[in-house]
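Participant: Kindly return the folded structure for what I paste below:
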Amino acid sequence: MDAKKLAGQILKEVGGKENIKEMFHCVTRLRFYLKDKSVVDLEKIKALDGVIGAQYQTEQLQIIIGNEVNAVYDAAIAKTGFIHNEETLAQKKRFKATGLFETMAAIFLPTIPMLAGTGMIKGLITILTSYCGFDAASDFITVLTIAGDCVFYFFPFLVAWSASKRFKTDTACSMALAGCLLYPTMTAGLAEGAAPLHFLGMPIPFVKYAASSIPIILTVLVLSFVYKWIDKVIPRVLRLVFTPMLVMLIMAPLTLIGIAPLANYISRILVTIVKFLYDLSPIIAGAIVGGTRLLVVLTGMHLSLGAICMENLNQFGYDFLLPMNTMGTLALFGVCMGVMVRAKKSENKSVGASTAISSFIGITEPGIYGILLKFKNALIAVMIAGAAGGAIVGAFGGRATAYVNSCILSLPVFMGEGFWAVCLGMAVAAGLGFVLVMVMGLSEEKEEPKAEIKAESQPAVTEKKNTVIYAPVTGTLIPLEQVKDAVFSSGTMGKGIAVDPEDGVVVAPFDGTVTALYPTRHAVGITSEDGVECIIHVGVDTANLQGKHFEVKVKENQKVKAGDVLLEADLAAILKEGYSLVTPILVTNSDEYLDVLPNEKEGMIAKSEVLLTVIK
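Facilitator: Below you'll find the model as predicted:
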């Protein structure tokens, strides 16, 4: 690519120097603020040789170049000189609302292991008291009950902690507000059926907030705005004491009078709607939930539906969705077993065996990506088998008495009314999944040509050691395709993953050399000793900050070791400017390798834990 020629063509298409208010670049894009956007023809710019794409983000024109953006920018600056207009900075702040399902999933994800673990304790109590002769009133069972119920009863505290991380607000204030909901006066008033309290003439109803989630989620969302506003107006020297004091003086009454009761009504309406649809035809409902369970997992929406399950448990004392979900998991187990037996190729047999084990204990992603997305017949089989199992559970009223993972290990929680139907549904789902794969077979022959070509074209290739990329930041994992930026989510810049960071210290992901630093200081490029090129891009569109709130700790061509600090970012300040903190970590020369695989696609990760593996 001729950088000088492309720069000249771009400048011409944007109306020349006289039409440019500001020009700068990030890792992949030239960015312009223009005086007159009407002179720009995006299609002509997209057609230029060397341009990957062009788009407007609010008032900003972004021309996507890719790895050669530095050269094109330098060539453009050589023609125009440095162009920067401080007036445009005020127009760069933006707020991007996260999707409802993504938000709910991110909030529930950190709480699920503890919910599932204590749910299993409740299942153990059922076995001990129903079948092993233990006295339900004994001290031993009482202690186990405390261990099993504590997380469920005080669930608003866990949700407050997780929601504060998601909404980027104060965790202590969030948990204090959860304490307001479960304060002894509130719980005692509910138990006694007392008349509402009154604050400045406004009623505070006694509502059951134990085990709830939506009231505290909505409360913390409001807190995120109130806290930010109060912290801004209070002088810095007084913030330590007066910010939390004023926040609680405002938020406690607001929560008890309005936010939490309103959210409680929303919760009841949602549960009533779901129960109404279920009651219309439990068989159809079970077939739909069981048959589509793994498709829901594939989209990432399954975690967000945990709120409905929790509210069912809270209002009815049982949930009917969890047993249906389990049918999809058992259907996957049967399908994977079928693949292990039916497959002809040894590698497919191996994948079938390993994914059968993982799905048996409730870990479905390996089976989804390793089997269902690879073999169409397997996907058809798992949907039919899951629907059959779900229909049985729906028809005969299978129930869960606690929130657990959807797997056979959770069987004790399903004991009680409809337990036999859950057992039968599991057997049918697994057995039918296995039989359908055996009957329909697998389309393995479609893989053969590729395998033969690969073998012929690389007869002398020696085994190469894969490269491990460690997490450069601590935070919440986000699949790259969910990043709200087309260049990253489409994989144009390379394969990888993103992290929503909890702190602003970015460290080297491996031993290597710093090969790319940018004037905007928001990203670092580093190349490993064996040639893997990695870019760490802190935030989305943060190049607009022109280096503000970033401090680079290394120099270009500097040798670094894994864990060395590369840069530091003031995340709170960046967030206040209105930018997303989501940090993509990309292998920009992914096309030189067989694949780049995330170690995990969701959950929390700490610095220096394994993040990606580059397959050679």
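Participant: CA only for contacts and neighbour counts going forward, please
Facilitator: Fine.
Participant: Regarding residue 48, what is its secondary structure?
Facilitator: Secondary structure for residue 48, judged by DSSP: H, G, I helix; E, B strand; the rest coil, is coil.
Participant: Which parts of the stretch 201-350 of the chain are helices?
Facilitator: Using DSSP state H, counting those that start in this stretch, the helices found in the stretch 201-350 of the chain span residues 214-233, 239-254, 260-280, 282-299, 306-316, 321-342, 346-360.
Participant: For the residue positioned nearest the centre of the chain, which non-adjacent residue is closest in space?
Facilitator: Centroid-nearest residue in the chain, with Cα atoms, centre = their mean: residue 478, separated by 4.6 Å. Leaving aside its sequence neighbours, residue 478 sits nearest to residue 498 (Cα to Cα, 6 or more residues apart in numbering; 5.0 Å).
Participant: For that neighbour, give me phi and psi.
Facilitator: phi -120, psi 160 (degrees, to the nearest 10).
Participant: burial measure for it, as a count.
Facilitator: Residue 498 sits with 31 neighbouring residues when counted by other Cα atoms under 10 Å.
Participant: Ok, residue 242 next?
Facilitator: The criterion is other Cα under 10 Å. On that basis, residue 242 has 16 neighbouring residues.
Participant: Could you measure from residue 15 over to residue 533?
Facilitator: Relative to residue 533, residue 15 is positioned 35 Å away (criterion: Cα to Cα, to the nearest Å).
Participant: related to what we said a few turns ago, might you report the residue contacts of the residue nearest to residue 478?
Facilitator: Residues counted as contacts of residue 498 (Cα atoms under 8 Å, 6 or more residues apart in numbering) are 477-480, 483, 582-585.
Participant: Mind doing that once more with 7 Å?
Facilitator: When the contact criterion is Cα atoms under 7 Å, 6 or more residues apart in numbering, the partners of residue 498 are 477-480, 582-585.
Participant: same deal with residue 244?
Facilitator: Residues in contact with residue 244, defined by Cα under 7 Å, 6+ apart, are residue 173.
Participant: hang on, the earlier thing: can you tell which of the helices of the stretch 201-350 of the chain is closest to residue 427?
Facilitator: Judged by Cα to Cα, the one of the helices of the stretch 201-350 of the chain that comes nearest to residue 427 is helix 321-342, at 8.0 Å.
Participant: just to revisit the earlier point, look at residue 15 and residue 533 and report which has more neighbours.
Facilitator: In terms of neighbours (other Cα under 10 Å), residue 533 is the more surrounded of residue 15 and residue 533; the figures are 21 against 18.
Participant: Please name the nearest non-neighbouring residue to the more buried one.
Facilitator: Of all residues not flanking residue 533 in the chain, residue 527 sits nearest, at 4.4 Å (Cα to Cα, 6+ apart).
Participant: And the next helix or strand past the strand or helix carrying the one you found?
Facilitator: Applying DSSP states H and E as the criterion places residue 527 in strand 523-528. Taking DSSP H and E as the definition, the helix or strand that follows strand 523-528 towards the C-terminus is strand 533-537.
Participant: Which parts of the stretch 351-500 of the chain are strands?
Facilitator: Here the stretch 351-500 of the chain has its strands, by DSSP state E, counting those that start in this stretch, at 467-470, 475-478, 495-501.
Participant: now these in CSV, with mean pLDDT and distance to residue 183?
Facilitator: Formatted as CSV, the entries for these read as follows, by pLDDT from 0 to 100; distance: least, Cα to Cα, whole Å:
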stretch, mean pLDDT, distance to residue 183
strand 467-470, 92, 43
strand 475-478, 90, 31
strand 495-501, 93, 33
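Participant: which one of those strands is the most hemmed in?
Facilitator: strand 495-501 (a mean of 27; mean count of other Cα atoms under 10 Å).
Participant: After it, which helix or strand is next?
Facilitator: Along the chain past strand 495-501, the next helix or strand (assigned with DSSP H and E) turns out to be strand 505-507.
Participant: That next one packs against which elements?
Facilitator: Where contact means 3 or more Cα pairs under 7 Å, 6 or more residues apart in numbering; DSSP states H and E, strand 505-507 is packed against strand 565-569.
Participant: picking that back up, same list, the strands of the stretch 351-500 of the chain, but as CSV with distance to residue 207 please.
Facilitator: Putting these into CSV (distance: least, Cα to Cα, whole Å) gives the following:
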stretch, distance to residue 207
strand 467-470, 46
strand 475-478, 33
strand 495-501, 35
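Participant: closest one to residue 381 among the ones you listed?
Facilitator: Taking Cα to Cα, strand 475-478 is the member of these nearest to residue 381, at 29.7 Å.
Participant: partners of the closest one in the sheet?
Facilitator: On the basis of DSSP bridges, the sheet neighbours of strand 475-478 come out as strand 495-501 (antiparallel), strand 604-605 (antiparallel).
Participant: The helix or strand hosting residue 596: how far from the chain's middle?
Facilitator: Residue 596 belongs to strand 595-598 when elements are defined using DSSP H and E. The gap between the average C-alpha position of strand 595-598 and the chain average comes to 18 Å, counting by Cα atoms, centre = their mean, to the nearest Å.
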